[in-house]
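Colleague: mind looking at a prediction? Sequence and model below.
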Amino acid sequence: MSELPPDLPRLRTLETWLVLSLDRVRRKIAEAERQEAEKQRGERDRPPAPDWLIEMGLSGRAPVYVHVGGCHLAGKRSRGVTDDQARRALWEQVPACPHCNPDGVLGVLD
């Protein structure tokens, strides 16, 4: 027994529905491909992570810690700095993160 209807009008209706469904699937595929390309472009064009971070306090004025770039303990109030700025902060008694130990990496140990 055939799963398709035997008469022409119902076959044409089924054909129309299948064409419309295929169009919807193709649009969804194109949208997913655009999103994936955009995601890959964003990852490719993302600026490199800074080598050093200074985490600022709640007021945003006083530094709290110096971190190695990419330290997972660096808070959201961290900003990227140069190695000279990180060294200067350590020399000015800004504490080094106890997890990533930037003072050891920079050669600024007490």
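Modeller: Yep, that arrived. Numbers count the residues shown, from 1 in each chain.
Colleague: shaky segments in the protein?
Modeller: Across the chain, the ranges flagged by pLDDT under 70 are 1, 110.
Colleague: can you give me the strands in it?
Modeller: Here the chain has its strands, by DSSP state E, at 52-56, 63-68, 78-81.
Colleague: chain center to stretch 54-62: distance?
Modeller: Put simply, stretch 54-62 sits 24 Å off its chain's centre (CA atoms, centre = their mean, to the nearest Å).
Colleague: swap in stretch 71-81?
Modeller: For stretch 71-81, the distance to the chain centre is 15 Å (CA atoms, centre = their mean).
Colleague: name the residues that touch it?
Modeller: By CB atoms under 8 Å, 6 or more residues apart in numbering, the list of residues contacting stretch 71-81 from outside reads 49-58, 60, 64-65, 67, 69, 89, 97, 99-100. The C-beta positions use only the backbone N, C-alpha and C, and glycine is treated the same way.
Colleague: what I need now is the strands of the chain written out in TSV, including distance to residue 106 for each item.
Modeller: Putting the strands of the chain into TSV (distance: least, CB to CB, whole Å) gives the following:
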stretch	distance to residue 106
strand 52-56	8
strand 63-68	8
strand 78-81	11
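Colleague: all helices for the protein, in order.
Modeller: Ranges of helices in the chain, per DSSP state H, are 8-45, 83-91, 102-106.
Colleague: separation between residue 94 and residue 29?
Modeller: 52 Å (CB to CB, to the nearest Å).
Colleague: more neighbours, these two?
Modeller: For residue 94 versus residue 29, neighbours defined as other CB atoms under 10 Å are more numerous around residue 94 (18 against 10).
Colleague: what values do phi and psi take at that one?
Modeller: phi -70, psi 130 (degrees, to the nearest 10).
Colleague: tell me the contacts of it?
Modeller: Residue 94 touches 54, 63, 64, 65, 66, counting by CB under 8 Å, 6+ apart.
Colleague: you'd agree residue 51 is up against residue 69?
Modeller: Yes. Here residue 51 reaches residue 69: they are 4.6 Å apart, a contact under CB atoms under 8 Å.
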